[in-house]
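Asks: 3D model of this:
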Amino acid sequence: MPVRRFYGWYVLAASVVIELFGLGFGIFAITTVYPYIIDTFPDWSRSTVFLPTSLIILLVGMLSPLIGYLIDRYSIRLIFVAGILVQGTALFLFSRVQTPLQYVAVSLLLGVGMSGVTILPNQVLVSRWFQSRVGLVNGIVLAATALGAAIAPALITRIIEAADWRTAFVIVALLASVPPLLVVLTVVRDRPQDMGLQPYGAAPGAPAAPLDGMTLRDAARRPTFWVFAAVIFLGGMPCYSHNKHILVFLKELGFDPISAADYKSFYFVVSACGRFLFGWLADRIDRRNLLAFQVLLIAGGFPLLFFVPAYPALLVPTLLLVGAGYGGLLPSIPILSVHYFGRAHLGTILGAYKISYDLAAAGAPAFTAALYDHYGSYAVPQAWLTACAWAALLLVVVGLPHRLTAPARPAVDGRVDPGLPAVRTERG
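Replies: Numbers count the residues shown, from 1 in each chain. A predicted model of the protein is given here:
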């Protein structure tokens, strides 16, 4: 009799579709259109043009604790459906904007919709289905986001060059809505217990072990919680400035639109590979050391941007280093959250961490645009963002423990699950 494939793998595939189309063709579609917005509305300041990125991500961050709370108590499928419908509507309305006020209003609507399809609900979903290989599955989900972000710039730019940016937004609205909605309605199930199954890695035939872990209140009492939040923010700042401003940066250096879009796609291909590779490595080597290496890639690669105007050949090494580090940073958030604080309240804890993550994602493009408007170049913001990366590396090295001291909780058959160590307390 053939062995039936574990249903969690289908749920993981559905999460890949949601991330690739829902998020990859959401926020990254907007950043691809920025050079064309500048041409269409020449009287808009650079800060106004880049405002949607900051508003959307800031709103997603502000809503993350609420979304985490809802995820821990209600159906993820319902949250997905609502988010997909609102996001698709907002993307369509972007094709109709004429004024800065409309631009802001549609951005806020997109932020509300994106809260229901962004990384947080997918991370919680796959963590429910997989008790082991957590690094791998989170890496796969996050790689899907980067893959969507890699496809979007090249595809959308070619659509715009063949038609216009308003037509491109209509097509993007369909791509961001139809495939994710289909897999949510036909494939996604909230928990393995809903189908009489156990999470992947649980002992066959044994009753499901209760989830262990700290509450958000308990986690927030530990210095590790706040140090890790600062690392997420400081390490994310240069990455999010880079991936939102790169098309405009390259346009100013004389790159044609399609070449610039292809370089941005290359950046996200590298990021996708980094997310998968570092997620796989997180199941096998010291996770704190891995995080330090990821931040080192960002801190070492970002300063190369200073020299790209004079030495364009340095663009590819810059994209490789920063893209790989950025790709590794994202899967580290759920992996280290589980490692330090457990799984019982993962939705709430990840919702709190998403504030830090989204403050960086929202703040970096606005910060860079404001400094550009003031100084007339990217040199000053690049200096500040380089300092952020090196500060993040210092915090990892001196502020995060390699591991916590209490032994991991054994699995129900007496073996320790290497992928999901139980909650441990900090030394001292």
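Asks: where's residue 64, which helix or strand?
Replies: Residue 64 belongs to helix 51-71 when assigned by DSSP states H and E.
Asks: residue ranges with poor pLDDT in this protein?
Replies: 1-3, 202-211, 403-428 (pLDDT under 70).
Asks: Would you map the strands across it?
Replies: Counting by DSSP state E, the chain has no strands at all.
Asks: count of residues packed around residue 313?
Replies: Using other Cβ atoms under 10 Å, residue 313 is surrounded by 8 other residues. C-beta here means a position set from N, CA and C on the backbone, and glycine is covered the same way.
Asks: try the one 5 residues further on
Replies: A count of nearby residues for residue 318, using other Cβ under 10 Å, gives 22.
Asks: Hmm, it is touching residue 305, no?
Replies: Yes - checked against Cβ atoms under 8 Å, the pair residue 318 and residue 305 is within contact range at 5.8 Å.
Asks: Residues contacting the helix holding residue 64, please?
Replies: The contact list for helix 51-71, computed with Cβ atoms under 8 Å, 6 or more residues apart in numbering, reads 27, 30-31, 79, 103-104, 106-108, 110-112, 114-116, 118, 120-121, 124, 240, 244, 347-352, 354-355, 357-359, 361-363, 365-366.
Asks: Can you flag the buried ones in the residues you listed?
Replies: Neighbour-count burial (16 or more other Cβ atoms under 10 Å) applied to these gives 27, 30-31, 79, 103, 106-107, 110-112, 114-116, 118, 120-121, 124, 240, 244, 347-352, 354-355, 357-359, 361-363, 365-366.
Asks: Just these: which are in helices?
Replies: 27, 30-31, 79, 103, 106-107, 110-112, 114-115, 120-121, 124, 240, 244, 347-352, 354-355, 357-359, 361-363, 365-366 (DSSP state H).
Asks: How far away from the center of its chain is stretch 35-52?
Replies: Centroid separation between stretch 35-52 and its chain, computed with Cα atoms, centre = their mean, to the nearest Å, is 25 Å.
Asks: Would you mark the buried spots in it?
Replies: Here stretch 35-52 shows 35-38, 41, 44, 46-52 as buried, counting by 16+ other Cβ under 10 Å.
Asks: ditto for stretch 242-253
Replies: Quick answer for stretch 242-253 (16+ other Cβ under 10 Å): 242-251.
Asks: Stretch 365-374 too?
Replies: For stretch 365-374, the neighbour count (16+ other Cβ under 10 Å) marks 365-369, 371-372 as buried.
Asks: so can I have JSON lines of those residues showing distance to residue 146?
Replies: Shown next, in JSON lines, are the buried residues of stretch 365-374 (distance: Cβ to Cβ, whole Å):
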{"residue": "365", "distance to residue 146": "18"}
{"residue": "366", "distance to residue 146": "22"}
{"residue": "367", "distance to residue 146": "23"}
{"residue": "368", "distance to residue 146": "21"}
{"residue": "369", "distance to residue 146": "23"}
{"residue": "371", "distance to residue 146": "27"}
{"residue": "372", "distance to residue 146": "25"}
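Asks: of the residues you listed, closest to residue 256?
Replies: Residue 256 has its nearest neighbour among these in residue 372, at 21.4 Å by Cβ to Cβ.
Asks: do you know how far that closest one is from residue 128?
Replies: According to Cβ to Cβ, to the nearest Å, residue 372 and residue 128 sit 43 Å apart.
Asks: Among the buried residues of stretch 35-52, find me the one that's closest to residue 194.
Replies: Nearest to residue 194 among the buried residues of stretch 35-52 is residue 52, at 37.2 Å by Cβ to Cβ.
Asks: For residue 131, grab phi and psi.
Replies: phi -90, psi -30 (degrees, to the nearest 10).
Asks: Revised request: answer the last question for residue 377.
Replies: phi -160, psi 170.
Asks: With residue 310 instead?
Replies: When quoted as degrees, to the nearest 10, the phi and psi of residue 310 stand at phi -90, psi -30.
Asks: Now do it against residue 304, distance only.
Replies: Taking Cβ to Cβ, one finds residue 310 at 11 Å from residue 304.
Asks: ok, those two, which is more surrounded?
Replies: residue 304 (20 against 7).
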